[in-house]
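Engineer: Here you go, sequence then predicted model.
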Amino acid sequence: MNSILIIGAGKSGIASALLAKRQGFDRIFVTEKSSEENYSDAKRIFEANSIEFEFGKHSFNLLSDFELVVVSPGVPPDAEIIVEAERLNKRIVSEVEFAYSFCKNSIIGITGTNGKTTTTALIEFILNTAGKKAIAVGNIGAPFSDYVDKVEPETIFVLELSSYQLDRIEKFKPDVAIILNITPDHLKYHKTFSNYRNAKFRIFANQKENDLLILNFDDKETLIAKSQAGGKVAYFGLKPVEFGAYLNGDEICLRFPENSNEEVVMKAGDIKIPGVHNLYNSLASIVAVRSFEVQNEQIRYALMNFQGVEHRLEFVREIDGVTYINDSKATNVDSAYYALSSYTRPIIWIAGGRSDNNDYDFLDDVVEKNVKAIVLIGEAKGEIFNHFCTMKRCYLEDSLEEAVHRAREIADEGDIVLLSPACKSFDMFRNFEHRGQVFKEIVNSLK
């Protein structure tokens, strides 16, 4: 009997259940601890497809009925239902692992603390622009399970992978794996930085000699992976490398082991999306797509035309000479650093939310140099205020709407109002997308 228990009724849980249904599983059960009031769509889908479900509890007694347990991203490893499943020696896998068991396509996998979504979207854009077939899935939005058994064999999956999704893989193996960077994040889930880094390193755990691992040459935590790699290793960075993409003066260059000659791809300044972090994202993307026989001129055209992704340094509007930028995806200090480093014009910085043991010292230099004033919201507004109030003018507000109005009040022509929270969104919003959407609605409602 093919039986599967799915923990979590969010996007990944729904997609896993529907994939199991398409694949002919005899019994499918979805358990969700939260109440059903926020899961009306999930309930409707489960009922329409004759999928068993429960909300508001986990029925531990059901565990013995199922061969396989699929856990949605973010369900903590010490959750009672997980602990009980482990006690019963159940096979527990992530949604990504479950989907992979039905995959016959090439995969480019991207992980890292920051830049995953932009790099995933950029690789998809370059491949499709070059006439390949590619689809971005995973942490970027649509779960892997939504598409894994629906696409043509030549389609390349470009898969954004969080540490949560990689935490419970068994056989998952991308043909090309990218680790963009690793800095402390999600420590409430992983408990230690070492655990977090090791979860990221799972992306290449099953790679073989013909597979490719692409590492950030300028990130010491990422480079630790080199000694553990089972396949070929390439690099990207701001200095020349023997194999990979790098910056030489103001030119982006490539070098491959089989041909030590340097190839010039384009001027770094011609990349459409701003910031040094997006230069890193572009360099990593170049190495990945070249392994799928994309030509340099096709890469150059794509990088000159890629618009970026929603909620990541997203231009919203210009009012009275003031530019409003939505960087709601900056859910940690490192991501906010890159955003604050991306502009030469004075910044009115809107920050705050739910802290994750944030170290704001890291931002001192860039705030001193680029920030004109700081407007703070959310649970962390007090600690951020206390850190920066002797350095810059800081304002405490009770809502994002009040923060936007305060920013407009103090901004001068030529300034940038930048929402780049450096914090998680869950104190005031459902997720960073909700936070960014609210910000855009407020800005677009300004007279």
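Structural biologist: Received, thanks.

Engineer: Show me the shaky parts of this structure.
Structural biologist: Along the chain, the parts satisfying pLDDT under 70 run over 1, 186-187.

Engineer: What is the neighbour count of G56?
Structural biologist: Using other C-beta atoms under 10 Å, G56 has 12 neighbouring residues. C-beta: built from backbone N, CA, C; applies to glycine.

Engineer: how far does the top strand by length along the chain sit from the chain's center?
Structural biologist: Secondary structure of the chain per DSSP state E: the longest strand is strand 259-267. How far strand 259-267 lies from its chain's middle: 29 Å, per C-alpha atoms, centre = their mean, to the nearest Å.

Engineer: list the buried ones in that strand?
Structural biologist: V265, M266 (16 or more other C-beta atoms under 10 Å).

Engineer: Kindly report the same for stretch 150-170.
Structural biologist: 151, 155-169.

Engineer: Out of those, name the ones that lie in helices.
Structural biologist: The helices, defined by DSSP state H, take in S163, Y164, Q165, L166 from those.

Engineer: Could you look up the SS state of the nearest residue to the last one once chain neighbours are set aside?
Structural biologist: What that stands for is L166. Counting by C-beta to C-beta, 6 or more residues apart in numbering, R202 is the residue found nearest to L166 once chain neighbours are left out, at 4.1 Å. Three-state assignment for R202 (DSSP: H, G, I helix; E, B strand; the rest coil): helix.

Engineer: burial count for R202?
Structural biologist: By the measure other C-beta under 10 Å, the count of residues near R202 is 20.

Engineer: which residues sit in contact with A351?
Structural biologist: If you count contacts by C-beta atoms under 8 Å, 6 or more residues apart in numbering, A351 has them with A336, I374, V375, L376, I377, I384, S420, P421, A422, C423.

Engineer: Which parts of the stretch 51-200 of the chain are helices?
Structural biologist: Remark: helices assigned in the stretch 51-200 of the chain by DSSP state H, counting those that start in this stretch are 80-87, 95-100, 116-129, 144-147, 163-166, 187-190, 193-201.

Engineer: For the third one, C-alpha coordinates in CSV please.
Structural biologist: Once side chains and other backbone atoms are set aside, the C-alpha atoms of helix 116-129 remain, and they are given as CSV (Å, rounded to 0.1, in the frame of the first residue of the first chain):
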residue,chain,number,x,y,z
LYS,A,116,18.8,33.0,-4.0
THR,A,117,15.6,34.3,-5.5
THR,A,118,17.3,36.8,-7.8
THR,A,119,19.9,34.3,-9.0
THR,A,120,17.2,31.7,-9.6
ALA,A,121,15.1,34.1,-11.6
LEU,A,122,18.1,35.4,-13.5
ILE,A,123,19.2,31.9,-14.5
GLU,A,124,15.7,31.0,-15.6
PHE,A,125,15.6,34.3,-17.6
ILE,A,126,19.0,33.7,-19.3
LEU,A,127,18.2,30.1,-20.3
ASN,A,128,14.8,31.0,-21.7
THR,A,129,16.2,34.1,-23.5
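
Engineer: any residues touching it, and which ones?
Structural biologist: With C-beta under 8 Å, 6+ apart as the contact definition, helix 116-129 has outside contacts at 108, 110, 112, 133-136, 138-140, 156, 158-162, 178, 180, 273, 278, 281-282, 284-285, 288-289, 292, 294, 298-299, 301-303, 305-306, 308-309, 312, 329.

Engineer: Which one of the contacts of A351 is nearest to N195?
Structural biologist: Nearest to N195 among these is C423, at 21.6 Å by C-beta to C-beta.

Engineer: Show me how this structure divides into domains.
Structural biologist: Split into domains by automatic domain parsing, the chain comes to 3-89, 100-303, 314-445.

Engineer: got the CA coordinates for the longest strand of the chain in PDB?
Structural biologist: The C-alpha trace of strand 259-267 is given here as PDB (Å, rounded to 0.1, in the frame of the first residue of the first chain):
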ATOM      1  CA  ASN A 259      41.100  26.400 -22.000                       C
ATOM      2  CA  SER A 260      43.100  28.800 -19.800                       C
ATOM      3  CA  ASN A 261      42.400  31.700 -22.100                       C
ATOM      4  CA  GLU A 262      40.300  34.500 -20.600                       C
ATOM      5  CA  GLU A 263      36.900  35.100 -22.200                       C
ATOM      6  CA  VAL A 264      35.400  38.600 -21.800                       C
ATOM      7  CA  VAL A 265      31.700  38.400 -21.400                       C
ATOM      8  CA  MET A 266      30.700  42.100 -20.800                       C
ATOM      9  CA  LYS A 267      31.300  45.300 -18.900                       C
END
